[in-house]
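Enquirer: predicted model and sequence below, questions to follow.
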Amino acid sequence: MRPRYKRKLRKLRLPLEWFGIALAFLSFSFLTRRGLLRACDFVSAIMYFFDRRGRSYAMENLCIMYGRVPRGAELIVRRSYRNMARTVGYAFWTCFRARRRAASAGLMDKTAKDFLARYRQAVTVSGHIGCWEILSQLAYLEGHSMMSVAKDIGSKGMTRLLMRARRSIGQEIVHADGAFRRLFAGIKEGRSLGLLVDQPVDPRDGGMWVRFFGRPVPVSAAPAFFAAKGRLPVLVAWSRTLKDGRWRCELIEAYGPDEAKDVWRTTQRCLGALERVIRRHPSCWVLNYRYFRKRFTPADFTKLKEREAAAAGVLI
């Protein structure tokens, strides 16, 4: 399709997008929690049916994870769409009564609570697994002044609305473009950071090559960088889906301030911790995303091998 036709189509589509955003905002915000889950499950079934490309990406990701298409792959992908729809729906739902709704929809296990109580400032790290929207909210309810980063999602209207939803509980949300300075100022002000680390980031934008499911992938080094600069501990966590539709935040791994000094090693450890959980719970991960699309150069691969050898204490 030619660029000018794409621009025209985008202009024609904009009113429909705004209508859909407004409908989701009004509909989801006033539902009960159970009603929200039912509505999201219905939306996810529609998404799964029409998103042919996304289903293809999901199967590719499962093959990378397990070396083959696992048994029950279709059901895994369907549940992945359901989890994603519930997470986005939850973001709309918490535009109103955010604190009360976050407290009713999520809980934090004792290990994570104890860690956050011990360190009044920390860098919390997760991925697009479980309900990633609720993690920083629960940390905020535990008394941490939280800062998170948001990327563009869909149209500008969708992005603004989701950022409004994420700010509704009291945490500060900064846009990904130009976030570095604000995050750096935030840790100096005593704020904790809540960051996601499982999507590719170009090395020119601060990405660092690590291994994820055995594949070289450039991901954000921001969590490890800010932990090292601020001498802060790192908490790797995720939100497990419970049978009643709520989520429980669980600690996967934690690193003290001294352990988080090595930026590459900490970044690799965070990805490794998330990888272990994703292998056990693949349907909780956003599978219809191209995580492994970035191609590395021979120089990138050589540098990665050198870092791996140094971390293992091997001279090459």
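Expert: Happy to help now that I have it.
Enquirer: what's the burial count for residue 71?
Expert: Look at residue 71: counted by other CB atoms under 10 Å, it has 8 neighbours. Bear in mind the C-beta positions are built from the backbone N, C-alpha and C, glycine included.
Enquirer: next one: residue 141
Expert: Neighbours of residue 141 (other CB under 10 Å): 19.
Enquirer: any idea how far it is from residue 112?
Expert: 12 Å (CB to CB, to the nearest Å).
Enquirer: where in the stretch 151-300 of the chain is pLDDT low?
Expert: Within the stretch 151-300 of the chain, the segments meeting pLDDT under 70 span 152-162, 165.
Enquirer: where do the strands sit along the stretch 201-316 of the chain?
Expert: 207-212, 215-220, 234-241, 247-255 (DSSP state E, counting those that start in this stretch).
Enquirer: for the last one, which strands pair with it and how are they oriented?
Expert: Yep, that's strand 247-255 we're talking about. Note on strand 247-255: by DSSP bridges, its sheet partners are strand 106-108 (parallel), strand 234-241 (antiparallel).
Enquirer: now render the ones you listed as JSON lines, adding distance to residue 52.
Expert: Below are the strands paired with strand 247-255 laid out as JSON lines (distance: least, CB to CB, whole Å):
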{"stretch": "strand 106-108", "distance to residue 52": "33"}
{"stretch": "strand 234-241", "distance to residue 52": "26"}
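Enquirer: which one, of the ones you listed, ends up nearest to residue 48?
Expert: Nearest to residue 48, of all those, is strand 234-241, at 17.4 Å by CB to CB.
Enquirer: which of the residues in that closest one are classified as buried?
Expert: Buried residues in strand 234-241, counted by 16 or more other CB atoms under 10 Å: 234-241.
Enquirer: rewinding a little: relative to residue 122, which of the strands of the stretch 201-316 of the chain is closest?
Expert: Nearest of the strands of the stretch 201-316 of the chain (CB to CB): strand 234-241, 5.4 Å.
Enquirer: ok, residues contacting that closest one?
Expert: 83, 106, 112, 115-116, 122-127, 129-132, 134-135, 223-224, 227, 247-255, 259-260, 266, 269-270, 273-274, 277, 281, 284 (CB atoms under 8 Å, 6 or more residues apart in numbering).
Enquirer: same thing but at 7 Å, please
Expert: With CB atoms under 7 Å, 6 or more residues apart in numbering as the test, strand 234-241 has contacts from 83, 106, 112, 115, 122-126, 129-132, 134-135, 223, 227, 247-255, 260, 266, 270, 273-274, 277, 284.
Enquirer: swap in stretch 59-75?
Expert: 76, 213, 215, 279, 282, 287, 291-292.
Enquirer: and that stretch, what's buried?
Expert: Of the residues in stretch 59-75, 59-62, 65, 73 count as buried by neighbour count, 16+ other CB under 10 Å.
Enquirer: count of neighbours near residue 291?
Expert: Count around residue 291 with other CB under 10 Å applied: 22.
Enquirer: neighbours of residue 298, how many?
Expert: 7.
Enquirer: about what we covered before: how about the strands paired with strand 247-255, which one is nearest residue 193?
Expert: Per CB to CB, nearest to residue 193 of the strands paired with strand 247-255: strand 234-241, 9.7 Å.
Enquirer: can I get that closest one in CSV, CA atoms only?
Expert: This file holds the C-alpha atoms of strand 234-241, laid out as CSV (Å, rounded to 0.1, in the frame of the first residue of the first chain):
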residue,chain,number,x,y,z
VAL,A,234,16.7,-5.2,42.2
LEU,A,235,13.5,-7.1,42.7
VAL,A,236,12.4,-9.4,39.8
ALA,A,237,8.8,-10.2,40.1
TRP,A,238,5.7,-11.2,38.2
SER,A,239,1.9,-11.4,38.9
ARG,A,240,0.5,-15.0,39.0
THR,A,241,-3.1,-15.4,37.9
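Enquirer: which stretch among the strands of the stretch 201-316 of the chain comes nearest residue 188?
Expert: That would be strand 234-241 among the strands of the stretch 201-316 of the chain, by CB to CB, at 17.8 Å.
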